[in-house]
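J.: Okay, sequence plus prediction incoming.
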Amino acid sequence: MINRRLSVCSETWSLKEPFHISRGVRTETRVIMATLEHCGVSGRGEAVPYARYGETMESVLARIEDITAAVEDGISPEELQTLLPAGAARNAVDCALWDMIARWKGIPVWKLLHLPRPETVETAVTISIDRAEDMAKKARACKDYPLLKVKLDREDIRGRIAAVRAAAPDPRIILDPNESWTMADLEELDDFLGEKTISLLEQPLAAGQDEGLRHFTGRVPICADESCHTRDDLAGLLGKYQLINIKLDKTGGLTEAVRLKKQAMDMGFGIMVGCMVATSLAMAPALLLTPGADFVDLDGPFLIKQDRQHGLKIIQGHLPPPPAELWGG
């Protein structure tokens with residue numbers, strides 16, 4: 001008889017300052033934490049319900065409740081893939097399963113999945129939308145970091161980019177308009193982005209309205225975020241995007257994320273590993289995907305006033321492997 005107990009709760013974490021992207025402003029992040037106990041050990045997983053994908057706290061909690069009996073009866077991460085669709089609910093349970101299995105067996109998750117040992121990586125540090133002079137001030141404070149991510153909408157695009165680049169001449173820069181641009185914007189800005197040595201442009205056009213990218217050869221590589229959730233999306237992205245952004249809340253956990261990364265690389269896509277705004281518990285499993293990635297954007301804990309115990313520490317734009325006390329055995 002399997003002796004498991006799955007418990008789920010919602011949590012609210014205040015941010016250091018308002019976080020502004022093209023879809024709005026937030027001052028806190030709300031997460032779901034799943035805890036799976038078995039034979040005296042417990043594993044945890046954290047996920048962020050995301051309204052852009054039709055999720056609410058209530059809908060995610062209800063999805064997990066629907067499969068709680070099956071999880072407690074002893075299903076594997078592989079079997080979980082057939083019980084829940086990709087999304088936050090499956091992510092929370094999938095990561096809790098892997099954490100619990102690793103602790104029960106005494107083998108870290110990266111070994112269980114035959115992945116490289118995670119090492120310290122360069123992570124993007126995000127500058128959210130603000131007045132150009134205020135974005136420049138934040139960029140100046142991070143001018144010695146290796147990688148910045150700049151959120152944008154359609155207002156003062158050139159002014160904001162120019163101000164950030166002048167304040168931080170050296171770091172690689174990712175621009176993220178969060179689906180807010182048009183094809184005309186992209187064509188008009190292409191030379192300017194090249195002149196400002198932008199390294200990556202993340203999801204400039206709305207998912208489902210990005211066919212124009214198939215006929216566009218720009219100076220900056222383009223990464224699919226909202227357009228890419230699972231392996232099922234990859235075929236439709238060929239010829240439009242050069243990289244994909246893997247987020248566990250989109251893939252529905254680490255199990256699918258590992259497969260998505262491998263198939264995407266086999267198909268010639270570059271890899272970005274990203275996150276929602278969340279605590280270190282959500283970043284820890286994503287760090288297992290970072291070996292070989294072109295870009296890493298796991299600064300969620302950097303945006304929160306107070307992180308979890310045993311949280312990750314971002315030091316000058318560098319993120320170490322997760323401690324076993326946090327997640328992953």
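T.: Thanks, I have it.
J.: Just give me the residue closest to the centre of the chain.
T.: C275 (1.8 Å; Cα atoms, centre = their mean).
J.: For that residue, pull up the helix or strand it's in.
T.: C275 belongs to no helix or strand when assigned by DSSP states H and E.
J.: separation between it and L319?
T.: From C275 across to L319, the span is 11 Å (Cβ to Cβ, to the nearest Å). From N, CA and C alone the C-beta is placed, and that goes for glycine too.
J.: and what of H215?
T.: In terms of Cβ to Cβ, H215 sits 37 Å off from L319.
J.: Between the two, which is the more surrounded one?
T.: L319 (25 against 9; other Cβ atoms under 10 Å).
J.: I'd assumed L298 was in contact with that one.
T.: Yes: L319 is in contact with L298 according to Cβ atoms under 8 Å; the separation is 5.9 Å.
J.: got any residues that touch both of the two?
T.: Here L319 and L298 have V121, T123, M283, L287, L312 as joint contacts, going by Cβ atoms under 8 Å, 6 or more residues apart in numbering.
J.: Under a three-state scheme, what state does the last one occupy?
T.: When classified by DSSP: H, G, I helix; E, B strand; the rest coil, L312 comes out as coil.
J.: just checking, D297 touches R172?
T.: No: the pair D297 / R172 is not scored as a contact, 11.4 Å apart, by Cβ under 8 Å.
J.: Look at these two and report which has more neighbours.
T.: Taking neighbours as other Cβ under 10 Å, D297 and R172 compare with D297 leading, 25 against 16.
J.: give the contact list for the more buried one.
T.: Counted by Cβ under 8 Å, 6+ apart, D297 has contacts T123, A124, T126, K149, I174, N245, M272, V273, G274, C275.
J.: how about CSV for these, with distance to L205 added?
T.: What follows is the contacts of D297, written out as CSV (distance: Cβ to Cβ, whole Å):
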residue, distance to L205
T123, 25
A124, 21
T126, 20
K149, 18
I174, 16
N245, 14
M272, 17
V273, 22
G274, 17
C275, 22
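J.: which secondary structure elements does the longest strand along the chain contact?
T.: Across the chain, the strand with the greatest residue count (assigned by DSSP state E) is strand 4-21. Applying 3 or more Cβ pairs under 8 Å, 6 or more residues apart in numbering; DSSP states H and E, we find strand 4-21 packed against strand 24-38, helix 57-72, helix 88-105.
J.: Help me confirm that H229 comes into contact with L248.
T.: No: between H229 and L248 there is no contact under Cβ under 8 Å: 10.8 Å.
J.: Between these two, point out the one with more neighbours.
T.: More crowded of H229 and L248, by other Cβ under 10 Å: L248, with 33 against 23.
J.: Ramachandran angles for that one?
T.: phi -60, psi -30 (degrees, to the nearest 10).
J.: what's the spacing between it and I129?
T.: 25 Å.
J.: low-scoring stretches of this protein, by residue?
T.: 1-2 (pLDDT under 70).
J.: how about the strands in it?
T.: Going by DSSP E, the chain shows strands at 4-21, 24-38, 41-47, 121-122, 125-127, 147-151, 172-176, 200-202, 222-224, 243-246, 270-273, 295-296, 318-319.
J.: if we can go back for a sec, by neighbours, which of the contacts of D297 wins?
T.: That'd be A124 among the contacts of D297, by other Cβ under 10 Å, with 30 neighbours.
J.: L148 is in contact with that one, correct?
T.: Yes: if you go by Cβ under 8 Å, A124 and L148 touch, sitting 6.3 Å apart.
J.: Identify the contacts common to the two.
T.: Counting by Cβ under 8 Å, 6+ apart, the residues touching both A124 and L148 are I174.
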